[in-house]
Each structure stands twice: as C-alpha cells, then as structure tokens.
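A.B. asks: missing the sequence, but the structure's below:
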C-alpha cells in the first residue's frame, strides 16, 4: 500500500510539472522603467528590465539589467533541457529590432546571439522562445544597457 501511494505521488508530480509547462508557454506582458544613473559625472539613461525566466531557465548572459561599457560579444540563455531547432531569440536596441540569427551550442542547451561592436549604445532587450522536441515551448526575456 505504501509503495502504491509513492507511485501515485510521483505520477501526480510529473503531471503537475507537465501541466505547468503547457500552461506557461508565453511570457506575461511586462512594463520596463527608465532611470538615470550618474557614472563618472555623466548622466546615463538606464532601462530597468523586468526579467521573465521561463521554465527550465538556468542562466543568461549578460545578467539582467547589466550596465556595460561596450556591446558584449554574445547574448546567451541556457536551459536544463536540450532545445529544439524551432527555438528562437530576438534582439531589440532602443526599441528597434536588430537582425541577428539564433545559434545553438553543440549540446543544444544554450541559445545565443552573436553581437557586433557596431550596434552601439542604448538599452537591449533579448526575448526568447525555448522549445523542446515534443513541441512544448516557453518564453522569457532579459535586458541590458550599453553606455
């Protein structure tokens, strides 16, 4: 009887996780805020991004709300699962879309965007849609600012 109870609890837990993945497919609408920070005597407008971490998220680079002196080489987001090739990342700078192709690491757990120095200063928003092979997708976002 005790063994049957354990099996029922395990099955229920897996069912709950599966239902959460299905229900959590889209990131909720969020509002960002703008602040001004004083760095070395100069005022720098800074967008405060409301980060949305999707199910399975483990890390993102740069970290959310990083204030950087230069454009990073890459924007990355890593998950606990292998990503399906239908997964995507998009990038906007100052609210305008930036054309950058989504790439994947060899183990398929990380999506990345190669960024270039020529993209300039301003707020950058990275939005992603992470899918697994069964077609279940979840989405999230993070942002950073380049001075």
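C.D. replies: Looks like it came in fine. Note that the coordinates shown come from a computational prediction; the quantities given were computed from them, not determined experimentally.
A.B. asks: which residues in the chain form helices?
C.D. replies: Remark: helices assigned in the chain by DSSP state H are 2-23.
A.B. asks: Quick one: the strands in it, in order.
C.D. replies: 33-39, 42-48, 57-61, 66-68, 74-79, 88-93, 96-98, 103-104, 110-114, 122-131, 137-146 (DSSP state E).
A.B. asks: how about these in TSV, adding mean pLDDT and mean neighbour count?
C.D. replies: C-betas here are computed from N, CA, C, even on glycine. TSV is the format used below for those (pLDDT from 0 to 100; neighbours: other Cβ atoms under 10 Å):
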stretch	mean pLDDT	mean neighbour count
strand 33-39	61	10
strand 42-48	74	14
strand 57-61	95	16
strand 66-68	94	14
strand 74-79	97	20
strand 88-93	96	18
strand 96-98	93	11
strand 103-104	96	14
strand 110-114	96	18
strand 122-131	96	21
strand 137-146	95	22
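A.B. asks: Kindly give the local confidence score, pLDDT, for the nearest residue to residue 135 once chain neighbours are set aside.
C.D. replies: Closest residue to residue 135 apart from its sequence neighbours, by Cβ to Cβ, 6 or more residues apart in numbering: residue 84 at 7.7 Å. Looking at residue 84, its pLDDT reads 97.
A.B. asks: Kindly report the same for the one 10 residues further on.
C.D. replies: We have a pLDDT of 91 for residue 94.
A.B. asks: what about it, neighbour count?
C.D. replies: Using other Cβ atoms under 10 Å, residue 94 has 12 neighbouring residues.
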